[in-house]
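>>> A predicted structure for the sequence below; I have some questions about it.
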2 protein chains.
Amino acid sequence: MTTIIDGKATASAIKQELATEVDKILEAGGRRPHLAAILVGHDGGSETYVANKVKACQECGYESTLIRYENDVTQDVLLAKIAELNADPAIDGFIVQLPLPRHIDEQRIIEAIDPAKDVDGFHPVNVGRMSIGLPCFLPATPSGIMELLRRYNVPTDGKRCVVLGRSNIVGKPMAMLMLQKGIPGNATVTVCHSRTPDIKEICQQADIIIAALGVPGFVTADMVKDGVTVIDVGTTRVPDASRKSGFRLSGDVDYANVAPKCAFISPVPGGVGPMTIVSLMRNTLQAYRLTH
Amino acid sequence: MTTIIDGKATASAIKQELATEVDKILEAGGRRPHLAAILVGHDGGSETYVANKVKACQECGYESTLIRYENDVTQDVLLAKIAELNADPAIDGFIVQLPLPRHIDEQRIIEAIDPAKDVDGFHPVNVGRMSIGLPCFLPATPSGIMELLRRYNVPTDGKRCVVLGRSNIVGKPMAMLMLQKGIPGNATVTVCHSRTPDIKEICQQADIIIAALGVPGFVTADMVKDGVTVIDVGTTRVPDASRKSGFRLSGDVDYANVAPKCAFISPVPGGVGPMTIVSLMRNTLQAYRLTH
């Protein structure tokens, strides 16, 4: 009996909860949480992501501000805008949509953001505080996965959790969150990556697999045991002539064959994806509360 | 054929290398690196640690300053001293010896230290930068272990590494360093802890075990495979009437029975311990170089 983790429905429910929170804030004389986003250039993926973030703000009753620059914007102009947003009490949190053009030092930009407004959770102060287990802004994707595990009551305490991938925005923070004290958490965590020769054997021992390699269909049925929980973070665009967009999103999991063996599985699309933006919305409310 | 990892000899060699670096700095017209330490109260362990750090400074040709307070020092006094040290160009790095009395907010103290002078590597900025893989001050014990693995050419690429313990100063950073890209690193890392039910089976699969649980003799011969590398971080004081001090240091490993199965093993004492202070010395030189 497989439970399909419905990220879309969960995300909708959370957005409704956040909208209710905003109503309460307004009734109490407060103002709407306000998220700003800086978007450089016209990359299709980035345009879509930012548009979805603006839309989510509307759904939650937040104010949003989109600040656009052309691809030839200088680093100094970006840094000046970041300083302005840092100082602006009307902005609770803001993000700089990545990737940035090559002539911009991305890490310099990230570290220029006031950690108290860094709702993406990419500033080293937030990364460090997460690792230590202190209050902080959690990065969106791992935070969304933790929320799914929490709401679906997926057992994690003492379970073997295998994280596939060691990226800074998914793999590493995911490992940190799963091994932290608490529920969800308290898992025995193994991180596998491109240099791991025996991923199959390791996955076969896992109670929970979090796949974030970006390799379509990597996790196959022979790699998982019965009763496993599989969280699929993969979102690779693969060509698909039958779609209007010309592509479809493919996860890291061979869903059709893996799902029957699972206690819980999150599909792509409709699993982790919708939760990512919701995490940003939760962080924005948290940022508002830090100063109100 | 077991290689015993001689931390004491390695630490001596590194201190000699650092002293040579200092000689070169002085010849080039520079000054000696300068480490300051704040010690509160008269805890026996803390007294010993700080005395050893001062001694290591002498061996490396560094200047050192020890600042002492009684147990009833206020947090404000400590914060004022930290602000003074942060601003003092004659101090390259400094540490506040932990633990602090209960009326002091330890995290507040740690975060007051300028990350550029945080040679203990405990500030969230340094923890976060380490996690992301950016230049930073590494925490002393994990850094010392990485240096031992490097100097003994212990293979880590693609190897299964099991870290026992999830503390902020050893387990978590150790896991992060072992899975980072590079050599040593590129390991498949599993973190086990008090909530892990099947530690024995997990250890039996390990090529490298880093034991940091603080449980004397926890790792026994039946838990390890032939050819394993074992790094023992345990330093529990156990009563020993035959010693003048009344105690001896006990590691987390049943050394006598585990060692014959090992490719490499670090003993207690004389393994990781001496490397810890050397890491602090390396960080202090790095701090000096940041501004010279």
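The structure has been received and is ready for your questions. Numbers count the residues shown, from 1 in each chain, chains lettered A, B, ... in the order given.

>>> Output the set of residues of the stretch 151-292 of chain A in proximity to chain B.
Contact residues (C-beta under 8 Å from any C-beta of the partner chain) of the stretch 151-292 of chain A with chain B: A:157-158, A:160, A:166, A:168, A:172-173, A:175-176, A:179-180, A:186-193, A:195-198, A:202. Every C-beta, even on glycine, is put in place using the N, C-alpha and C of the backbone.

>>> Any chance of a PyMOL selection covering the buried ones in those?
Restricted to buried positions by 16 or more other C-beta atoms under 10 Å in any protein chain shown, the PyMOL selection for those reads:
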select buried, chain A and resi 160+166+172+173+175+176+179+180+186+187+188+189+190+191+192+193+195+196+202
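
>>> Of the residues of the stretch 151-292 of chain A next to chain B, which belong to strands?
Among those, the ones falling in strands (DSSP state E) are A:160, A:188-192.

>>> of all these, which two lie farthest apart?
For those, the farthest-apart pair by C-beta to C-beta is A:188 and A:192; their separation is 13.6 Å.

>>> Strands of the stretch 51-200 of chain A, start to end?
For the stretch 51-200 of chain A, the strands defined by DSSP state E, counting those that start in this stretch occupy A:63-69, A:93-96, A:160-164, A:188-192.

>>> Can you name the residues of the stretch 1-150 of chain A sitting close to chain B?
For the stretch 1-150 of chain A, the residues in contact with chain B (C-beta under 8 Å from any C-beta) are A:107, A:123-129, A:131-134.

>>> Let me have these in a markdown table, adding neighbour count and pLDDT as columns.
Below are the residues of the stretch 1-150 of chain A next to chain B laid out as a markdown table (neighbours: other C-beta atoms under 10 Å in any protein chain shown; pLDDT from 0 to 100):
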| residue | neighbour count | pLDDT |
| --- | --- | --- |
| A:107 | 13 | 96 |
| A:123 | 24 | 98 |
| A:124 | 25 | 98 |
| A:125 | 25 | 97 |
| A:126 | 27 | 98 |
| A:127 | 32 | 98 |
| A:128 | 27 | 98 |
| A:129 | 23 | 98 |
| A:131 | 25 | 97 |
| A:132 | 20 | 96 |
| A:133 | 16 | 96 |
| A:134 | 15 | 96 |
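
>>> Return the subset of those lying in helices.
Judged by DSSP state H, the residues of the stretch 1-150 of chain A next to chain B include A:107, A:124-129, A:131-132 as members of helices.

>>> Could you export the strands of the stretch 51-200 of chain A as a markdown table, including mean pLDDT?
Below are the strands of the stretch 51-200 of chain A laid out as a markdown table (pLDDT from 0 to 100):
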| stretch | mean pLDDT |
| --- | --- |
| strand A:63-69 | 98 |
| strand A:93-96 | 98 |
| strand A:160-164 | 98 |
| strand A:188-192 | 98 |
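
>>> Near the residue nearest to residue A:167 when sequence neighbours are not counted, how many other residues are there?
Computed as C-beta to C-beta, 6 or more residues apart in numbering or on different chains, the closest residue to residue A:167 that is not its neighbour in sequence is residue A:212, at 6.6 Å. Neighbour count of residue A:212, defined by other C-beta atoms under 10 Å in any protein chain shown: 25.

>>> Residue A:212 touches residue A:172, doesn't it?
No. When contacts are counted by C-beta atoms under 8 Å, residue A:212 is not listed as touching residue A:172 (10.1 Å).

>>> mind listing what's buried in whatever helix or strand residue A:288 lives in?
Secondary-structure assignment from DSSP states H and E places residue A:288 in helix A:272-291. Neighbour counts using 16+ other C-beta under 10 Å place A:272-288 of helix A:272-291 among the buried residues.

>>> just stretch A:21-39 next, same as before
The neighbour-count check on stretch A:21-39 (16+ other C-beta under 10 Å) flags A:21-22, A:25, A:32-39 as buried.

>>> Let's see which of those residues end up in strands.
Cross-referencing these against strands under DSSP E gives A:34-39.

>>> ok, how many other residues are close to residue A:74?
11.

>>> Relative to residue A:38, how far out is it?
Here residue A:74 is placed at a distance of 13 Å from residue A:38 (C-beta to C-beta, to the nearest Å).

>>> How about residue A:144?
Noted for residue A:144: a distance of 22 Å to residue A:38, by C-beta to C-beta.

>>> now the helices for the stretch 51-200 of chain A?
Taking DSSP state H, counting those that start in this stretch, the helices of the stretch 51-200 of chain A run over residues A:75-87, A:106-112, A:124-132, A:140-151, A:171-179, A:199-204.

>>> Mind checking the pLDDT average for the longest one?
In this model, helix A:75-87 has a mean pLDDT of 98.

>>> Please apply the same query to the last one.
Model confidence over helix A:199-204 averages 98 on the pLDDT scale.

>>> Can you give the contact residues for that helix?
With contact meaning C-beta atoms under 8 Å, 6 or more residues apart in numbering or on different chains, helix A:199-204 is reached by A:162, A:164, A:190, A:192, A:196, A:209, A:219, A:222-225, B:188.

>>> now swap in the fifth one and tell me
Outside of helix A:171-179, the residues within contact range by C-beta under 8 Å, 6+ apart are A:121, A:127, A:130-131, A:138-139, A:141-143, A:145-146, A:156, A:161, A:163-166, A:184-189, A:191, A:193, A:208, A:210, A:212, B:131, B:166, B:172, B:175-176, B:179, B:191, B:193.

>>> dump the residue contacts of residue A:273.
Shown in contact with residue A:273 (C-beta under 8 Å, 6+ apart): A:7, A:235, A:249.

>>> Tell me, how many residues neighbour the first one?
Using other C-beta under 10 Å, residue A:7 has 25 neighbouring residues.

>>> Check the second one too.
Summarising burial for residue A:235: neighbours were counted as other C-beta under 10 Å, giving 20.

>>> My guess is it contacts residue A:251. True?
Yes. Contact criterion C-beta under 8 Å: residue A:235 and residue A:251 qualify, at 7.1 Å.

>>> Need the residues touching each of those two.
Common neighbours of residue A:235 and residue A:251, using C-beta under 8 Å, 6+ apart, are residue A:268.

>>> residues in contact with residue A:165?
Counting by C-beta under 8 Å, 6+ apart, residue A:165 touches A:171, A:191-193, A:211-214, A:233.

>>> Check what pLDDT residue A:258 gets.
We have a pLDDT of 98 for residue A:258.

>>> next one: the one 5 residues further on
Here the pLDDT value assigned to residue A:263 is 98.

>>> I'd assumed it was in a strand, is it?
Yes. Judged by DSSP: H, G, I helix; E, B strand; the rest coil, residue A:263 forms part of a strand.

>>> Skipping adjacent residues, who's closest to it in space?
Of all residues beyond its chain neighbours, the one nearest residue A:263 is residue A:227 (4.8 Å), with distances taken as C-beta to C-beta, 6+ apart.

>>> now swap in residue A:126 and tell me
For residue A:126, ignoring the flanking residues on the chain, the nearest one in space by C-beta to C-beta, 6+ apart is residue A:136 at 4.5 Å.

>>> residues in contact with the one you found?
Taking C-beta under 8 Å, 6+ apart as the criterion, residue A:136 is in contact with A:121, A:125-126, A:129-130.

>>> that older thread, could you dump the ones in helices among the residues of the stretch 1-150 of chain A next to chain B into TSV and include distance to residue B:92?
TSV is the format used below for these (distance: C-beta to C-beta, whole Å):
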residue	distance to residue B:92
A:107	24
A:124	21
A:125	22
A:126	27
A:127	25
A:128	22
A:129	26
A:131	25
A:132	25
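
>>> from these, which is closest to residue A:262?
Checking those one by one against residue A:262 (C-beta to C-beta), the nearest turns out to be residue A:131, at 29.7 Å.

>>> For the residue nearest to residue A:283 when sequence neighbours are not counted, list the residues it contacts.
With C-beta to C-beta, 6+ apart as the criterion, residue A:283 has its nearest non-adjacent residue at 3.9 Å, and that residue is residue A:119. By C-beta under 8 Å, 6+ apart, the contact list for residue A:119 reads A:35, A:92-95, A:137, A:280, A:283-284, A:286-287.
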